[in-house]
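K.L.:
attaching a predicted model along with its sequence, questions to come.
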Amino acid sequence: IKETVQPHEILLVVDAMTGQEAANLTLTFHEQIGITGAILTKLDGDSRGGAALSVRRISGQPIKFVGVGEKVEALQPFYPERMASRILGMGDVLTLVEKAQEEIDIGDAEKLQEKMLTAKFDFSDFMKQMRLLKSMGSLGGLMKMIPGMGKLSGDQLQQGETKLKQSEAMISSMTQEERRNPDLLASSPSRRRRIANGSGYTERDVGNLVSEFTKMRSLMQQMGQGGMGMPGMGMPGMGGMFGGGMGGNRPQPGWRGGPSKKKKKAKKKKGFGQL
């Protein structure tokens, strides 16, 4: 076929998940056919992309594209310095920013930020945020671009994907009024029970989601007033997404399925212990 067609490019598609096997594949294919470049796929999986080093060293040809998903849009140009950062577990912030710029409308982002900082953020906004996250690629691929998050295992990433799907299913079972006013769910066990039945999850799961959402909204309001750090990237469930229960927190005290707690008065300390 090569002799008949005389192609300008011969690109070898290499699965990044194969590890050392990628080296053997490249060696055989290059000796028999001769390649002009390679495409490294499945970089949204567990692999950091170490196969890129093997392909380049054995064939002497460049890697031209990388695949981070199943759609055509997931095929991206290859940048050596970004791949080096990913292999070292330092993330790929530049690619993450480019993805965000492609998918996020600046006007919508500013409106969303204003709602979050004034505690007007509701479940409808949260649903939009989740769908935006999906449009940017798989959760695993996005996490790898964030410095320090590249060490998450495949099981942890899968758990995160599952929790997002759970949240979306439960919000889809809410009425428009409940989405706009999450406090209705905090005060109504019957509403939480109906949502649990409609989504296929437990009342406790719904309670955890609402509890985490309420906590997140309160923290965001405090950020707007005085400025403080907040785990979980501003999304309910993200703080505990890769471990622990639904939403990463227990239901609020007094909720069905959650323990009732009373605040204990703090004892005053004497001497050097009190600052």
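P.N.:
Everything's here; your move. Numbering: from 1, shown residues only.

K.L.:
what's the burial count for residue 158?
P.N.:
By other Cβ atoms under 10 Å, 14 other residues sit near residue 158. Bear in mind the C-beta positions are built from the backbone N, C-alpha and C, glycine included.

K.L.:
quick one: name whatever helix or strand follows the strand or helix carrying it.
P.N.:
Here residue 158, judged by DSSP states H and E, is contained in helix 154-172. Heading C-terminal from helix 154-172, the first helix or strand you meet, by DSSP H and E, is helix 176-180.

K.L.:
mind listing what's buried along that following helix?
P.N.:
Of the residues in helix 176-180, 178-179 count as buried by neighbour count, 16 or more other Cβ atoms under 10 Å.

K.L.:
thinking again about what came up before, average model confidence for the helix holding residue 158?
P.N.:
For helix 154-172, the mean pLDDT works out to 84.

K.L.:
measure stretch 179-194 end to end?
P.N.:
End-to-end distance for stretch 179-194, by Cα to Cα, to the nearest Å: 14 Å.

K.L.:
okay, buried residues for it please.
P.N.:
The neighbour-count check on stretch 179-194 (16+ other Cβ under 10 Å) flags 179, 182, 184-186, 191-192, 194 as buried.

K.L.:
same question for stretch 121-133.
P.N.:
Here stretch 121-133 shows 121-123, 125-127, 129-130, 132-133 as buried, counting by 16+ other Cβ under 10 Å.

K.L.:
those in strands, which ones?
P.N.:
Using DSSP state E, no member of the buried residues of stretch 121-133 sits in strands.

K.L.:
just send the residues you listed back as TSV, with pLDDT and distance to residue 97 too.
P.N.:
Listed next are the buried residues of stretch 121-133 as TSV, based on pLDDT from 0 to 100; distance: Cβ to Cβ, whole Å:
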residue	pLDDT	distance to residue 97
121	83	23
122	88	27
123	90	28
125	87	22
126	87	23
127	88	24
129	81	17
130	82	20
132	78	15
133	76	15
